[in-house]
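>>> Coordinates only, no sequence provided:
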Ligand code: EPU
């Protein structure tokens with residue numbers, strides 16, 4: 001295992017190139033199961049989660065190759081295997097995105113249920129409910145969800161749950177509906193930019209999807225889809241993380257490729273904190289040189305404040321001049337980073353899904369433990385400004401979703417090193 005060692009206190013300055021979006025690339029790769037011809041993808045980030053998805057696809061007969069120019073060429077070669085095994089699904093929950101495409105293209109899907117993870121309970125009831133509405137039969141056997149359908153038929157469905165829409169649930173149902181007979185209408189569809197990117201990809205392959213990016217999505221089924229060349233959108237969560245890196249270090253960063261329009265709620269909150277955010281020539285310009293004001297924020301489905309930036313924003317608000325409040329409405333138990341931030345001198349108190357952040361003057365470096373991807377990012381951000389040395393153990397969490405984070409941070413002046421971890 002590896003860890004990150006950070007010496008806090010450097011002011012970040014310079015340019016960061018934002019990578020392709022993990023959460024757009026993963027369902028798009030799963031959607032390749034549907035395609036008759038070769039798919040050429042640009043801007044697919046080289047991440048542990050992407051490599052896990054490519055391994056799963058390979059076992060499902062979908063071959064891929066990275067070319068010298070960085071493009072990823074994907075092609076279906078064998079349609080026999082329909083089983084996503086627990087060994088891979090338990091490693092990466094987004095593996096569940098193969099369920100819809102397998103069912104639609106191969107008439108059956110056997111997908112191990114992912115179970116919970118460090119951010120809380122992660123059900124897939126909405127995925128299965130949506131696929132059943134299209135005509136699938138489902139059965140849970142030995143921890144695997146088995147779905148079968150001779151034919152899928154378009155229908156109208158409501159896909160909202162207790163916590164709002166489901167991102168990968170919408171992706172699964174949309175991918176299956178592409179090859180269903182007739183029209184499918186999904187009410188309460190997820191509106192995240194990653195869903196829009198998936199729909200754009202599918203349409204470029206010959207699907208007929210409209211209304212993506214709104215809560216009412218309409219999919220007119222086609223008999224087959226071909227392949228296409230597609231460029232994955234930039235990662236809005238990586239962009240937001242680097243915005244906070246600039247803010248927490250009183251720095252100045254240009255985030256090339258970052259899209260302001262995907263981060264409206266985040267920009268609104270960060271500006272209230274006192275961070276300067278402008279549209280730059282090639283992306284977003286972020287700077288901060290003032291004291292940080294406290295804010296209140298609630299995580300919500302898009303276009304609300306993303307849960308995937310909750311932990312990182314909490315790290316920033318630890319240093320605000322006053323009391324802030326964060327309400328987590330998507331994953332009410334996604335707070336494992338709190339205890340670690342408190343070890344670094346933060347003053348955080350939790351009441352159910354709400355955290356009260358009493359701002360402190362400074363954080364102090366400490367050995368801390370990463371628990372999940374975004375929590376690790378928060379600990380790295382805290383380490384950038386903490387006095388002294390911070391060691392973030394279990395670096396593999398960050399490698400799941402941030403491409404070469406230590407290289408990107410070092411290039412703009414951070415003192416961060418990846419070291420082997422002794423148990
Ligand atoms: N939910 C249900 N029933 C379901 C599915 C979801 O009640 O059948 C609930 C969840 O428990 C949660 C809410 O609905 O309270 C939203 O969950 P959603 O299904 O949208 O999450 P997801 O699709 O499993 C994706 C991202 C997550 C991100 C969430 C929320 C991918 C691969 N993953 O997960 O990303 O946090 O949406 O925006 O797109 C990450 O990148 O670190 C990450 C965890």
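Cool, got the structure. Just so it is clear, the model here is predicted, and its values are computed rather than measured.

>>> and the helix or strand that contains residue 217, how far from the chain's centre?
Using DSSP states H and E, residue 217 falls within strand 216-220. Distance of strand 216-220 from the chain centroid (CA atoms, centre = their mean, to the nearest Å) equals 23 Å.

>>> Show me what that strand pairs with in its sheet, parallel or antiparallel.
strand 183-187 (antiparallel), strand 208-210 (antiparallel) (DSSP bridges).

>>> Of these, which is nearest residue 417?
Shortest distance between residue 417 and the strands paired with strand 216-220, using CB to CB, is found for strand 208-210: 45.3 Å. Every residue, glycine included, has its C-beta placed from N, CA and C.

>>> I'd like to know which residues of the stretch 1-150 of the chain are adjacent to the ligand.
By the rule CB under 6 Å from any ligand atom, the part of the stretch 1-150 of the chain lying against the ligand is 23, 26, 94, 121-127.

>>> Now list the buried members of those residues.
23, 26, 94, 123-124, 126-127 (16 or more other CB atoms under 10 Å).

>>> Which one of those is nearest to residue 270?
Nearest member of those to residue 270, counting by CB to CB, is residue 23, at 20.8 Å.

>>> ok, now how distant is the closest one from residue 185?
Look at residue 23 and residue 185: by CB to CB, to the nearest Å, they are 24 Å apart.

>>> where along this protein do the helices fall?
In the chain, the helices defined using DSSP state H lie at 22-31, 48-59, 86-89, 99-106, 125-133, 167-177, 193-204, 236-248, 264-273, 310-317, 336-343, 373-385, 396-399, 405-411.

>>> okay if I get these as TSV plus distance to residue 350?
Below are the helices of the chain laid out as TSV (distance: least, CB to CB, whole Å):
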stretch	distance to residue 350
helix 22-31	26
helix 48-59	28
helix 86-89	30
helix 99-106	34
helix 125-133	27
helix 167-177	25
helix 193-204	29
helix 236-248	21
helix 264-273	20
helix 310-317	11
helix 336-343	6
helix 373-385	14
helix 396-399	21
helix 405-411	27
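
>>> Rebuild the ones you listed as JSON lines, extending it with mean pLDDT and distance to residue 66.
Listed next are the helices of the chain as JSON lines, based on pLDDT from 0 to 100; distance: least, CB to CB, whole Å:
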{"stretch": "helix 22-31", "mean pLDDT": "98", "distance to residue 66": "12"}
{"stretch": "helix 48-59", "mean pLDDT": "97", "distance to residue 66": "9"}
{"stretch": "helix 86-89", "mean pLDDT": "92", "distance to residue 66": "20"}
{"stretch": "helix 99-106", "mean pLDDT": "98", "distance to residue 66": "21"}
{"stretch": "helix 125-133", "mean pLDDT": "97", "distance to residue 66": "29"}
{"stretch": "helix 167-177", "mean pLDDT": "98", "distance to residue 66": "23"}
{"stretch": "helix 193-204", "mean pLDDT": "98", "distance to residue 66": "18"}
{"stretch": "helix 236-248", "mean pLDDT": "98", "distance to residue 66": "20"}
{"stretch": "helix 264-273", "mean pLDDT": "98", "distance to residue 66": "31"}
{"stretch": "helix 310-317", "mean pLDDT": "98", "distance to residue 66": "29"}
{"stretch": "helix 336-343", "mean pLDDT": "97", "distance to residue 66": "33"}
{"stretch": "helix 373-385", "mean pLDDT": "97", "distance to residue 66": "22"}
{"stretch": "helix 396-399", "mean pLDDT": "93", "distance to residue 66": "17"}
{"stretch": "helix 405-411", "mean pLDDT": "98", "distance to residue 66": "18"}
